[in-house]
Each structure stands twice: as C-alpha cells, then as structure tokens.
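Chemist: Provide a 3D model corresponding to the input given below.
(one chain, ligands or ions: 1)
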Amino acid sequence: MRKGMFALAAVGLLAAGSTAACGGDDDTTSSGSGSTSTVGKVGVILPDTASSQRWGSDDPKFLKAAFDAAGVTVDIQNAQGDKSQFQTIADGMISSGVKVLMIVNLDSGTGKAVLDKATAAGIATIDYDRLTLNGGAKYYVSFDNTAVGKLQGEGLVKCLTDMKASKPVVAELNGSPTDNNATLFAQGYDGVLNPLYTSGEYVKGPNQSVPDWDNAQAATIFEQMLTQNSKIKGVLAANDGLGNAVISVLKKQSLNGKVPVTGQDATVQGLQNILSGDQCMTVYKAIKQEAEAAADLAIALAKGETKSVTQSVTDPESKATVPAVLLTPKAIYKESVKDVVADGFVTKDQICTGDFAKLCTDNGVS
Ligand code: BGC
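Modeler: A predicted model of the protein is given here:
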C-alpha cells in the first residue's frame, strides 16, 4: 500500500515535470504564431464514436480547425463510451496543465466529478452540447434542444398527415436517460404529440428510452414494440442512429417507407434513408457553428479573458444560471437534403453513392 502510494507520488512528480516542459513547448508554438506567450492549452473530451457519427468525424474536425486557426494548442480525445476512460483522460489533461477543459459528458454524475476536479485545479470548464447537471461549468454551448424535439414532433405529424394516416399509433424511442439533451428533445416532441394523444387524433403507443443511445439495443427494443403492437404507424426516434435501427426492423417486415421515422444529426446514413423514403426527416444542427462558438469561448478563457454571452440556461438540479450559447436547429426533409450539402456539412460524394445517385439527381442534390 505504502509502496503504491510512493509510486503514485513519483508519477505525479514526473507528470508535473513534463507539464512544465509541455508548457514551455506550447509557449514557443504560440509565440511563433504571433499570439501571446501566456495562452494556455485546451483539453476536449468527446463521449463515444457509436451513438452518432458526429463525435467521430464532425466535432473533432471542426473543433481542431477552430483552435488551429487561432494558434491555440488543443488536445481532443474520445472516451469511447467508457466512463472510467473518460475520467482517466480528464486526469491526464488536468495533470498536463490544460487551462480550459471542455467536455461532452457520458452522464451527469461522472461529468460532474471531472468538472469538480478541474475547477479545484483552477481550470475553467465548458459543457459542450450536453449540460452536466449540477456540474457548475462556466459556459454551456449547444443547440436549443427543446426546439430540436419540437421539429421532430412536427416532422412526424407532417409525414403522417402526408400519408393521410388516421388515428395513428405512435411509438417513441427516446435517447439515453442519462443525457439531459434526451430529456429536452422529449419535452419538445411530447409538447407536439401529447395534445394529439389527448384529443384522440393520435394513439399513444409504446415509449422507451435507449440506454447510452445504443443502436443495437434500439433495434431489439423496437422489435419488441412491433411484436407487441403491430399497429404502430409512426415512430419518433430521437436521432438518426436510433431511426436507422427502427428502419432495419421495419425492413424485415417490408414496412419501411410505410411507417414514418424521425431522426437527428443529418448523418450520411440518415440523409440516405430520407432520400430512399425510409426516413421521414432529420434535424440538422450546424456543428461547425457549435464547435466555433465553443472554441471561441475556450480560446478567450485560455488567454485569461472572459467573454460575455447573451443567453443562459437554468441547471434543473442546482438551479444555477449557466451562461450559454444555444444555436438554432433546422428540419430536413427529402426536398431539403440538398441544403445540408450546400452548407458543406456533408458532400454529394458521401451521399450520392450507388443507388442514391439517381435519388440525388431527382431531389436536386448537386
Ligand atoms: C446530441 C445528439 C446525438 C446524441 C447521441 C446528444 O446529446 O445532442 O446530437 O445524436 O447525443 O450521441
């Protein structure tokens, strides 16, 4: 036990030594690019690469570009859905001397533990995309997530109306119960759907949360829903990954295209599912803007400055007011897939492969 503690202390000293060396290197890099020598390093921890395409390809790309453009050193790592790995990465970043830590939590409990440690070490913190409940981050940068859910609810209604569905049974596949965003998305779409259930225009079907937004579990959950209730006529799926899981189950019964399914994130797969008619809509969130807004705040903090922002959210647990940047989401249907390409979020080459080439032409994707 004693030996172990000594070994740990030695590692700590080594880490502190290398921190100093790192700091020196960073300063050289920063001054080389013309900025002041006091600019600190920024650490970013992303959650996984399975729950959405965004965490593996979009967010890291846009964040890195934003920090590179400012000549600020950034260390972006991904916890691969592993909460202890998340903490290990955070410990490493804290001991390497980051001045700012930005996280997308895997749940509020482990997120808060990391934010508390960082704060105790004098590091400024930012919640990126997901609010860490009771976390006390200095800023929160995200989208208006209730608005995201509202667009999904309205989207499902539009698609069911287009199909002239009468008293449709609607199933809901919510995001992870530990993701505050999933709660906000549900508030948004239930705000649209609940009155329709109450008035009898729609019938409330099965409703379940998908742990960790796990796509494979989503398919199993929906398979059970459909077995128990074969009359399901519409599915509110909280993101494109969950939507695709639902579509894969519908395909087995040749019901794809007959039961509208929603999504979120404008992933390549989601956009292709929309073009083929298997998915009703997705919600496009301009991640480039989100990354740039977060980087902007982080860069200021890394320079020892504080920027003021005009929005805020109330942490539902601590009741604290968290200064925020909340961007506006956009609904995407078959005819507006082209807008996501025009915005440069995905390329025509990524979407218009194989059989999708003709669908792209038909829908003006160029
Ligand atoms: C994000 C979504 C994403 C989901 C699963 C949410 O917190 O806002 O964009 O699809 O997590 O990763």
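Chemist: residue 200: what's it in contact with?
Modeler: Counting by Cβ atoms under 8 Å, 6 or more residues apart in numbering, residue 200 makes contact with residue 167. The way it works is simple: take the backbone N, C-alpha and C, and place the C-beta from them, glycine included.
Chemist: so what pLDDT did it get?
Modeler: pLDDT for residue 200: 98.
Chemist: with residue 38 instead?
Modeler: Residue 38 carries a pLDDT value of 82.
Chemist: hang on, isn't it packed against residue 305?
Modeler: No. Counting by Cβ atoms under 8 Å, residue 38 does not reach residue 305; the two are 10.6 Å apart.
Chemist: the more surrounded of the two?
Modeler: Just comparing residue 38 and residue 305: by other Cβ atoms under 10 Å the higher neighbour count belongs to residue 38, 12 against 9.
Chemist: contacts only, for residue 244.
Modeler: 215, 263, 269, 270, 273, 279.
Chemist: so can I have JSON lines of those residues showing neighbour count?
Modeler: Formatted as JSON lines, those follow (neighbours: other Cβ atoms under 10 Å):
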{"residue": "215", "neighbour count": "20"}
{"residue": "263", "neighbour count": "31"}
{"residue": "269", "neighbour count": "18"}
{"residue": "270", "neighbour count": "33"}
{"residue": "273", "neighbour count": "23"}
{"residue": "279", "neighbour count": "31"}
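Chemist: would you reformat those as TSV and include secondary structure and pLDDT?
Modeler: Formatted as TSV, the contacts of residue 244 follow (DSSP: H, G, I helix; E, B strand; the rest coil; pLDDT from 0 to 100):
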residue	secondary structure	pLDDT
215	helix	98
263	coil	98
269	helix	98
270	helix	98
273	helix	98
279	coil	98
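Chemist: and the ligand, which of the residues you listed reach it?
Modeler: Among the contacts of residue 244, no residue sits close to the ligand (Cβ under 6 Å from any ligand atom).
Chemist: of these, closest to residue 355?
Modeler: residue 273 (12.4 Å; Cβ to Cβ).
Chemist: distance of the closest one relative to the ligand?
Modeler: Separation of residue 273 from the ligand (Cβ to the nearest ligand atom, to the nearest Å): 15 Å.
Chemist: now do residue 68
Modeler: 23 Å.
Chemist: residue 84 too?
Modeler: Separation of residue 84 from the ligand (Cβ to the nearest ligand atom): 19 Å.
Chemist: residues in contact with stretch 71-84?
Modeler: Residues from elsewhere that reach stretch 71-84 (Cβ under 8 Å, 6+ apart): 26, 29-30, 33-35, 39, 41-51, 55-56, 60, 63-64, 67-68, 85-86, 89, 93, 96, 98, 106-107, 110, 212, 298-299, 302.
Chemist: name every strand pairing with the helix or strand that contains residue 172 and say which way it goes.
Modeler: Using DSSP states H and E, residue 172 maps to strand 169-174. Neighbouring strands of strand 169-174 in its sheet, by DSSP bridges, are strand 203-209 (parallel), strand 232-237 (parallel).
Chemist: how about the contacts of residue 244 in TSV, adding distance to residue 294?
Modeler: Output for those, formatted as TSV (distance: Cβ to Cβ, whole Å):
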residue	distance to residue 294
215	26
263	24
269	25
270	23
273	29
279	29
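Chemist: measure how buried the nearest residue to residue 228 once chain neighbours are set aside is and give me the count.
Modeler: Excluding its sequence neighbours, the residue lying closest to residue 228 (Cβ to Cβ, 6 or more residues apart in numbering) is residue 206, at 6.9 Å. The burial count assigned to residue 206 is 18, neighbours taken as other Cβ under 10 Å.
Chemist: SS state for residue 39?
Modeler: For residue 39, the assignment made with DSSP: H, G, I helix; E, B strand; the rest coil gives coil.
Chemist: isn't it right next to residue 302, touching?
Modeler: Yes. Taking contacts as Cβ under 8 Å, residue 39 lies within contact range of residue 302: 5.4 Å.
Chemist: of those two, which one has the most company?
Modeler: For residue 39 versus residue 302, neighbours defined as other Cβ under 10 Å are more numerous around residue 302 (26 against 22).
Chemist: one step back: buried subset of the contacts of stretch 71-84, written for PyMOL?
Modeler: Here is the PyMOL command that picks out the buried ones among those, judged by 16 or more other Cβ atoms under 10 Å:
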select buried, resi 26+29+30+35+39+41+42+43+44+45+46+47+48+49+50+51+55+56+60+63+67+85+86+89+93+96+98+106+107+110+212+298+299+302
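Chemist: looking at the contacts of stretch 71-84, which are in strands?
Modeler: Mapping the contacts of stretch 71-84 onto strands (DSSP state E) picks out 42, 43, 44, 45, 46.
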